[in-house]
Structures are given as C-alpha cells and as structure tokens.
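Asker: coordinates only, sequence not included:
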Ligand code: MTE
C-alpha cells in the first residue's frame with residue numbers, strides 16, 4: 001500500500017522465474033545433483049534460492065469441487081490480472097513481486113491452529129482446509145484502500161462454520177488472525193526494505209459478529225483452482241465489505257479472544273488505516289479520496305474503469321446493521 005513506509009529496491013536479477021527454475025532442475029538432474037543434497041541441506045545457506053537448488057517442487061494449483069455461484073452483474077476481473085497484481089508484502093511491496101517471489105512457497109504441510117477462549121483448539125492440516133467443509137464459490141468485489149478494485153470468484157467456506165466448531169460463548173468478542181512467519185520462505189520478512197517496513201508476522205482482527213457474518217469466508221481457491229501463493233495460499237480471509245488489507249493471507253492462527261487485537265496496518269499508521277476499515281466513500285484517506293475507485297477489468301484505459309465507490313463496497317443491505325448507532329467517521 002502507498003503508505004509512509006520505506007520503498008524497497010529489488011533488482012530484477014533477484015527474481016527467479018519458473019522457466020529458469022525448471023531449466024535449473026533439468027541441468028542439476030543431468031549433473032546428478034538432485035537427490036544428493038545433503039551438503040546443502042545441512043549448511044546454514046537457506047533461502048528460496050537454496051530451496052530451488054535443493055530441488056523442492058512448487059505446489060501447483062489444483063482444480064476444486066465446489067458449488068458454483070450465481071453470476072453477478074459486475075464484470076469479472078481477468079484471472080491473469082488477479083494473480084499478477086497483488087499486495088502480499090511478505091513477498092515484496094511492489095504489485096508484480098508477490099507472483100514472482102513466491103513461486104516456490106511451500107504450502108504442504110500446513111497447519112492452521114484455531115484456539116477458543118478456554119484454550120481449546122483444533123488444528124487443520126492442508127487437506128482439512130479442502131475437505132472439512134463443503135466448498136462454495138463466492139463472486140465478490142475486492143476494494144483495496146489504495147482505490148483499485150477487482151471482482152474475483154473465490155472458493156471457500158463461511159468462517160462461521162469453523163468458529164462454531166469451538167462453540168464460542170459471549171466471552172468471545174473478537175477474532176485475531178495471523179499469517180505464517182517464516183523468513184526463510186518469505187523474503188519480505190527477512191529484508192526490511194523488501195517487506196515494506198512491516199513488523200512481521202502480519203496480523204489482523206475482526207469483531208466476532210463480523211467474523212460470524214455469512215459473507216465472511218475463508219478462501220482456499222479462486223477461478224476454480226486452489227489459491228496460488230501470491231493470493232494467500234493455502235488459506236486466506238475474504239471480508240468483502242472491508243478494505244482489502246483486512247483479508248489476511250496464508251493464515252496459520254485464528255484465536256477467539258475477549259479484547260480487540262492489534263492489527264498490522266493499524267499499528268503502522270493508525271490515522272490512515274483503522275481497525276474497522278469498512279469501505280466508505282464518505283471518509284477519505286488522509287492522502288487521497290475514497291469516493292472513486294479504479295476497477296481492474298477488461299475495459300477502459302489500461303483495463304481500468306473509474307467508478308464510484310459504494311458504502312460497504314455495495315454490501316450495505318447485508319452488513320450496515322452491524323454498525324447501527326456507530327459514528328463511522330470515528331470508527332473508520
Ligand atoms: N496479507 C498478508 N499476510 N500480507 C499482505 O501484505 N496485503 C493485504 C491483503 N492481505 C496483505 C495481506 C492487502 S493490502 C490487500 S489489498 C489484499 O491482501 C490483496 O489481495 P490480492 O493480492 O489477492 O488481490
């Protein structure tokens with residue numbers, strides 16, 4: 001996001017694209033290196049590049065079984081745009097970097113630990129994420145606080161189904177989410193400049209009624225397939241009426257808690273990024289208007305169309321009652 005953090009400076013030479021990776025594997029294989037990696041594995045040289053040398057496979061996206069969504073009137077964003085224009089600072093703060101620098105991000109095995117108020121917990125493996133609940137498609141608008149937006153067919157399940165497994169009581173007031181912390185795999189976590197000056201791990205939070213709302217989902221896929229790394233594989237949050245930064249990626253922890261949790265962007269600049277972050281054309285960002293957005297589709301100049309931003313991103317009928325009586329200028 002365009003905030004007062006230090007811009008990184010990543011040279012193209014640091015980026016390894018998939019064709020280079022595949023070529024390298026072939027060459028290493030021919031030289032008899034793959035399978036004989038004990039030396040590399042035992043050394044302290046560990047980075048995504050080291051993983052490439054060690055011949056670890058990329059997890060490819062796989063087709064999913066899910067109930068299809070009814071089409072909506074908004075034009076879908078092209079898949080190639082949704083997977084190449086990303087915010088995922090753990091893999092760099094420039095839009096093109098997450099797709100490039102997450103190519104060998106390993107999501108298997110994965111563990112998502114969900115902890116209730118009495119420290120009771122359940123742990124979901126990679127397979128559980130796809131098997132525990134029926135998967136459904138949801139076509140949602142995603143509105144970034146930076147004033148661009150997309151329309152994306154997500155695949156996932158309502159977060160409330162998972163939370164209900166822990167039988168929350170009235171003591172649970174908030175839900176805290178945490179992204180994987182793994183500097184070896186996430187270059188932005190080991191390089192302050194690449195990672196946009198964020199203090200990792202990335203954390204987010206919702207009020208319990210927001211988390212239980214039927215529109216709030218945990219997504220495991222998009223466009224019919226499992227999520228690619230740059231979109232938050234293997235599991236991410238999607239809260240369509242809030243600015244995109246609330247939709248935390250690659251989640252390893254979900255906690256049901258009594259007090260409001262800290263959130264990454266709120267900690268970085270609380271006057272710019274509030275805890276609620278409901279899409280609101282009436283409340284401008286201190287440095288730009290939120291009245292309009294650039295919808296990234298197939299139309300308009302550079303595939304972008306300037307449109308008016310709607311309150312709650314067009315989901316007011318479903319969610320406005322959650323904030324009844326609240327001053328949304330104060331709770332932005
Ligand atoms: N989650 C993590 N862990 N790290 C991030 O940098 N960026 C957020 C959100 N989730 C981010 C994150 C922001 S600012 C946006 S707009 C959305 O992811 C972008 O999602 P997309 O790249 O799938 O479009």
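Answerer: Structure's in. What do you need? Note that the coordinates shown come from a computational prediction; the quantities given were computed from them, not determined experimentally. Numbering: from 1, shown residues only.
Asker: Contacts only, for residue 206.
Answerer: Contacts for residue 206 (C-beta atoms under 8 Å, 6 or more residues apart in numbering) come out as 174, 175, 177, 216, 239, 246. Using the backbone N, CA and C atoms, a C-beta is placed for each residue, glycine as well.
Asker: After the host helix or strand of it, heading C-terminal, what element do we hit next?
Answerer: Taking DSSP states H and E as the criterion, the element that holds residue 206 is strand 203-207. Using DSSP H and E, the helix or strand that follows strand 203-207 in sequence is helix 208-212.
Asker: what ranges do the strands span in the chain?
Answerer: In the chain, the strands defined using DSSP state E lie at 111-115, 121-125, 136-143, 148-158, 174-179, 203-207, 217-222, 225-226, 236-238, 251-257, 292-296, 304-308.
Asker: and the direction of the first one versus that of strand 217-222, what angle?
Answerer: When you say that, I think you mean strand 111-115. 170 degrees (axes from the mean of the first three to the mean of the last three C-alpha atoms, to 10 degrees).
Asker: what does the fourth one give?
Answerer: Counting by the same axes, to 10 degrees, strand 148-158 points 110 degrees away from the direction of strand 217-222.
Asker: Pairing partners for strand 148-158, with directions?
Answerer: strand 136-143 (antiparallel), strand 217-222 (antiparallel), strand 292-296 (parallel) (DSSP bridges).
Asker: what does stretch 109-120 contact?
Answerer: By C-beta under 8 Å, 6+ apart, the list of residues contacting stretch 109-120 reads 121-126, 128-129, 162-163, 165-169, 171-172, 234-235, 251-258.
Asker: Identify the residues contacting the residue of the stretch 101-250 of the chain found nearest the ligand.
Answerer: In the stretch 101-250 of the chain, the residue found nearest to the ligand is residue 244; the distance is 2.6 Å by C-beta to the nearest ligand atom. Listed by C-beta under 8 Å, 6+ apart, the contact partners of residue 244 are 87, 142, 143, 144, 145.
Asker: Spit out the contact partners of residue 277.
Answerer: Neighbouring residues of residue 277 by C-beta under 8 Å, 6+ apart: 145, 242, 243, 245, 246, 265, 332.
Asker: I'd guessed residue 64 sits against residue 222; true?
Answerer: No - contact criterion C-beta atoms under 8 Å: residue 64 and residue 222 do not qualify, at 9.7 Å.
Asker: who's more crowded, those two?
Answerer: Taking other C-beta atoms under 10 Å, residue 64 and residue 222 do not tie; residue 222 has more neighbours (25 against 17).
Asker: ok, back up a step: make a markdown table out of the strands paired with strand 148-158 and add distance to the ligand and mean pLDDT.
Answerer: What follows is the strands paired with strand 148-158, written out as a markdown table (distance: least, C-beta to the nearest ligand atom, whole Å; pLDDT from 0 to 100):
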| stretch | distance to the ligand | mean pLDDT |
| --- | --- | --- |
| strand 136-143 | 6 | 98 |
| strand 217-222 | 8 | 98 |
| strand 292-296 | 9 | 97 |
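Asker: just these: most buried one?
Answerer: Of all the strands paired with strand 148-158, strand 217-222 carries the top mean neighbour count, a mean of 25, counting by mean count of other C-beta atoms under 10 Å.
Asker: Other residues contacting that one?
Answerer: Outside strand 217-222, the residues within contact range by C-beta under 8 Å, 6+ apart are 61, 64, 66, 79, 82-83, 129-130, 135, 138, 152-159, 162, 226-227, 231-232, 234-238, 251.
Asker: Identify the residue nearest the residue nearest the centre of the chain in space, chain neighbours excluded?
Answerer: Residue closest to the mean C-alpha point of the chain, counted by C-alpha atoms, centre = their mean, is residue 249 at 2.7 Å. Nearest non-adjacent residue to residue 249, counting by C-beta to C-beta, 6 or more residues apart in numbering: residue 232, 2.8 Å away.
Asker: wait, the one you found sits on residue 91?
Answerer: No - using C-beta under 8 Å, residue 232 is not in contact with residue 91, being 10.6 Å away.
Asker: residues from this structure in reach of the ligand?
Answerer: Counting by C-beta under 6 Å from any ligand atom, the chain comes close to the ligand at 1, 86-90, 142, 144, 179, 202, 231, 244-245, 247-250.
Asker: Can you turn the buried part of the residues you listed into a PyMOL selection?
Answerer: In PyMOL, this line selects whichever of those come out buried by 16 or more other C-beta atoms under 10 Å:
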select buried, resi 1+86+87+88+89+90+142+144+179+202+231+244+245+247+248+249+250
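Asker: quick one on the thing from earlier: the contacts of residue 206 into CSV, with extra columns for distance to residue 295?
Answerer: What follows is the contacts of residue 206, written out as CSV (distance: C-beta to C-beta, whole Å):
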residue, distance to residue 295
174, 32
175, 30
177, 27
216, 22
239, 19
246, 19
